[in-house]
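Colleague: Structure of the sequence below:
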Amino acid sequence: MRTGEPLPSVGDVLTALATGLWYWDTAAGLVTVDAEAARLLGLPPEPVTLTENQTRARLHPEDWNEITGVVPLAVDEGTLAEVRIRIMDEDGQVVRIVRSRSKPSFDPDRRAYELIGTLQEVTEPTPGTAAARNAVTGDWRRSREAFLLDAGRALAEARSTAEVLRVAAGLSMPGFSPDGLAVFGVEGDRLTLIGHHGQRPGEDGPFLHMQLSTDYPAAEVVRTGRAVYLSSPEQYRTRYPVTWPLAQPFERRSWAFLPLTAAGRTMGAWMAAFAYPVAFTPDERAVLTTVARMLAQALNRAGAADTQRELTEGLQRSMLPSLGPEIPGMTVAARYIPTGGGLQVGGDWYDMIPLPGGTSLTKSGGGRFALAIGDVQGHDVRAAGLMGQLRIALRAYASEGHRPDAVLSRAARFLHGITHDEHMTDVRFATCLYVEADPATGMLEIARAGHPDPAIRMADGTVMMRPTAGGVPLGVDPDADYPTTRFTLEPGETLMLCTDGLIETGGHDMESGWRRIRTILEDHTGDLESMADALVQGVHRPSSHHTTGPLADRREDDIALLLLCRQGAGCGRDDTLTLRPRLRRTLLPVAQDEPERIAEARQHLRELLHDWVSAEQVDSAVLLVSEMVTNVLVHTDADALLLAEVAGEPGGRRLRVEVTDSGDDLPHRRRPGELASSGRGLMLIELLADLWGVNPRGKGKSIWFELYESDGPAAG
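Modeller: Presented below is the predicted three-dimensional model:
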């Protein structure tokens with residue numbers, strides 16, 4: 001071209017550069033392309049107007065979605081919309097990759113976008129190279145999608161503001177990862193720093209409480225709701241000269257400040273700072289914008305959860321008592337853990353009540369006291385309210401001096417009265433276990449209303465469920481009776497009371513959950529407080545974002561736990577259970593009107609002998625106990641008292657079982673006929689026991705037998 005000749009037309013120049021022109025009007029739904037653009041789209045090289053559907057059919061579906069996402073972003077920020085597009089043939093194969101650069105505008109009257117831009121074929125850069133870092137390649141796109149999925153899942157699982165900030169600090173974006181992050185919130189007319197990462201302690205001082213009117217990028221983002229991208233220190237210094245000295249010491253090269261918007265409200269700003277220059281292409285901005293939206297939603301949820309958690313935990317703490325002063329001769333530990341989902345408040349509770357008729361619970365006194373534990377049906381505010389009322393009622397009845405059965409009977413009538421109205425709109429019941437304890441003697445009197453039985457951990461570490469008499473849950477029957485069970489807590493023994501949340505949480509039923517609790521109790525060697533922690537940790541785990549697997553966050557129900565230990569060998573303020581006494585003992589009464597407790601006696605003995613070497617000897621002992629207790633109930637008018645004791649070292653222990661009654665008739669050996677249904681009790685004892693005998697005891701008698709541990713068959 002000679003000097004003075006007219007310049008060629010823009011179309012000729014673009015054609016010479018293999019660059020096509022296209023125009024898109026979203027209101028009309030039409031895309032107009034010139035000949036070169038048509039060729040790049042795989043059409044005959046001539047100008048043509050296509051519908052949006054026809055155009056979309058020539059592009060990869062992901063890239064069409066990319067265009068529709070980038071256009072509004074470019075309009076909001078007043079920038080070019082740049083996208084790499086894969087052109088597809090009729091068989092769904094990629095024939096070429098083109099780059100689209102356009103200047104979009106928005107017509108508010110027609111509520112439509114208009115775009116005019118260029119298409120130019122590009123060569124796919126090699127993944128992993130410097131050129132590939134900023135390009136929207138297939139590998140980059142797949143990495144970005146995987147990153148956003150992972151980030152979304154991690155942020156969705158975060159349960160608190162602290163967890164959200166920790167997740168945000170660990171984000172590694174594909175191709176460009178910030179080395180400094182900060183999350184700003186708003187309090188009144190001030191910008192507050194909620195959390196940050198990549199700064200040293202003390203460097204956040206100037207940003208802690210900044211006026212929203214300050215000429216600072218995050219403050220501007222909160223005021224306007226629009227993102228601010230600064231690709232170089234020069235841009236930062238030019239646009240924000242007042243606050244540039246605050247950012248300069250961090251020696252960053254690029255910054256992105258994005259609004260945190262939830263429910264149409266800008267709640268803060270997120271800063272991502274980079275140690276190297278970042279161009280902030282539309283694709284990079286799209287990633288940052290998506291992360292900011294997810295971060296805002298996560299912070300909004302976490303903030304609401306934090307507020308709710310603080311409210312409900314405060315409510316629960318106000319309703320749960322302290323354990324009061326130290327008890328001479330006994331140690332008490334307690335735990336309450338709310339449910340892990342929904343409203344973290346429920347109906348589980350525990351209480352410790354000083355009783356009248358004794359000295360106060362001080363170091364110099366040893367007065368009687370009561371322990372109560374229970375579970376009101378439901379996990380809502382109504383359950384928590386009923387729990388508070390029921391706990392106060394129990395305290396009042398106990399303070400009046402009523403015995404355990406009378407305390408629960410009155411509590412049952414009280415709960416029935418406040419939950420059963422004429423419409424029966426919200427009928428509730430509650431389980432409860434009430435224990436009176438005498439520290440001087442270790443005597444316990446227990447009344448139970450539909451609650452799990454207590455467990456005893458003996459001085460040698462053996463754990464047994466302790467069957468107790470009981471009645472229906474409170475609130476079911478206003479005239480229900482609650483019989484009392486009495487037994488002595490021996491020195492070194494620990495009584496465990498808990499709600500069903502400790503046993504059944506984690507997919508367990510009462511049987512398998514009890515086995516889990518029993519294992520924890522038997523293996524533990526620390527003091528009472530660490531024992532309580534170990535029991536709670538058996539089911540209470542961190543959330544799944546911290547720990548994955550079968551033990552992840554299994555708090556499906558409230559947990560209330562009480563431990564009472566009578567101080568002695570194996571239980572004290574300073575001793576551990578490393579050296580355990582080799583003696584275990586259990587006592588179980590069986591009344592004339594309770595023949596069903598014979599089955600409890602058999603199970604009781606099996607638990608006592610759970611680690612006995614010979615299974616045949618265990619079966620023999622259970623059979624003999626059944627015979628001895630049954631004989632008392634059948635042949636006398638008295639109640640039976642079963643005492644079982646195991647002494648010695650494992651492998652050479654001795655079991656002594658004694659059944660006592662107040663009857664005067666001594667048992668006699670008989671010779672039953674072949675078809676006789678009774679008369680074989682002493683024959684069985686003689687055959688299966690190593691030693692046995694009958695001892696008169698003033699008024700009454702006792703029959704006893706002994707077995708010596710052996711790995712062979714029981715001795716005859």
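Colleague: From now on I want contacts and neighbour counts done on CA atoms only, so please keep to that.
Modeller: Fine.
Colleague: Show me what the longest strand seen in the chain is packed against.
Modeller: Longest strand in the chain, counting residues (DSSP state E): strand 94-107. Under the contact criterion of 3 or more CA pairs under 8 Å, 6 or more residues apart in numbering; DSSP states H and E, strand 94-107 touches helix 61-77, strand 81-88, strand 112-122.
Colleague: Helix or strand next in line after the one helix or strand Met496 maps to, which one?
Modeller: Taking DSSP states H and E as the criterion, Met496 maps to strand 494-498. Next helix or strand after strand 494-498 toward the C-terminus (DSSP H and E): helix 500-504.
Colleague: How many residues are close by the closest residue to His524 other than its chain neighbours?
Modeller: Of all residues not flanking His524 in the chain, Met531 sits nearest, at 6.5 Å (CA to CA, 6 or more residues apart in numbering). Look at Met531: counted by other CA atoms under 10 Å, it has 18 neighbours.
Colleague: I'd guess Met531 is in a strand, am I close?
Modeller: No: checked against DSSP: H, G, I helix; E, B strand; the rest coil, Met531 lies outside a strand; its state is helix.
Colleague: Tell me if I'm right that Thr266 and Leu260 touch.
Modeller: Yes: counting by CA atoms under 8 Å, Thr266 does reach Leu260; the two are 5.6 Å apart.
Colleague: bridging residues for Ala373?
Modeller: If you look again at residue 373, you'll see it is Ile, not Ala. For Ile373, the beta-bridge partners are Tyr350, Leu433 (DSSP bridges).
Colleague: Is it correct that it is in contact with Ile446?
Modeller: No: at 11.5 Å, Ile373 does not count as touching Ile446 under the criterion of CA under 8 Å.
Colleague: tally of neighbours for Arg99?
Modeller: Neighbours around Arg99, by other CA under 10 Å: 18.
Colleague: separation between it and Gly78?
Modeller: 19 Å (CA to CA, to the nearest Å).
Colleague: The longest strand of the chain: partners in the sheet, and parallel or antiparallel?
Modeller: strand 81-88 (antiparallel), strand 112-122 (antiparallel).
Colleague: Would you mind listing the buried residues in the first one?
Modeller: It stands for strand 81-88. Buried positions in strand 81-88, judged by neighbour count with 16 or more other CA atoms under 10 Å: 81-88.
Colleague: Reformat the residues you listed as CSV; add pLDDT and distance to Gly180.
Modeller: Shown next, in CSV, are the buried residues of strand 81-88 (pLDDT from 0 to 100; distance: CA to CA, whole Å):
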residue, pLDDT, distance to Gly180
Ala81, 78, 27
Glu82, 78, 27
Val83, 80, 28
Arg84, 81, 29
Ile85, 86, 32
Arg86, 87, 34
Ile87, 89, 38
Met88, 88, 40
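Colleague: For these, work out which two are farthest apart.
Modeller: Ala81 and Met88 (21.2 Å; CA to CA).
Colleague: Show me the shaky parts of the stretch 401-550 of the chain.
Modeller: 421-426, 540-550 (pLDDT under 70).
Colleague: Go again with 80.
Modeller: 420-427, 460, 505-508, 538-550 (pLDDT under 80).
Colleague: tell me the strands in it, going along the chain?
Modeller: For the stretch 401-550 of the chain, the strands defined by DSSP state E, counting those that start in this stretch occupy 430-437, 443-449, 455-457, 463-465, 484-488, 494-498.
Colleague: any chance of these in CSV, plus distance to Thr192 and mean neighbour count?
Modeller: Putting the strands of the stretch 401-550 of the chain into CSV (distance: least, CA to CA, whole Å; neighbours: other CA atoms under 10 Å) gives the following:
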stretch, distance to Thr192, mean neighbour count
strand 430-437, 46, 25
strand 443-449, 53, 24
strand 455-457, 52, 22
strand 463-465, 54, 22
strand 484-488, 60, 17
strand 494-498, 44, 25
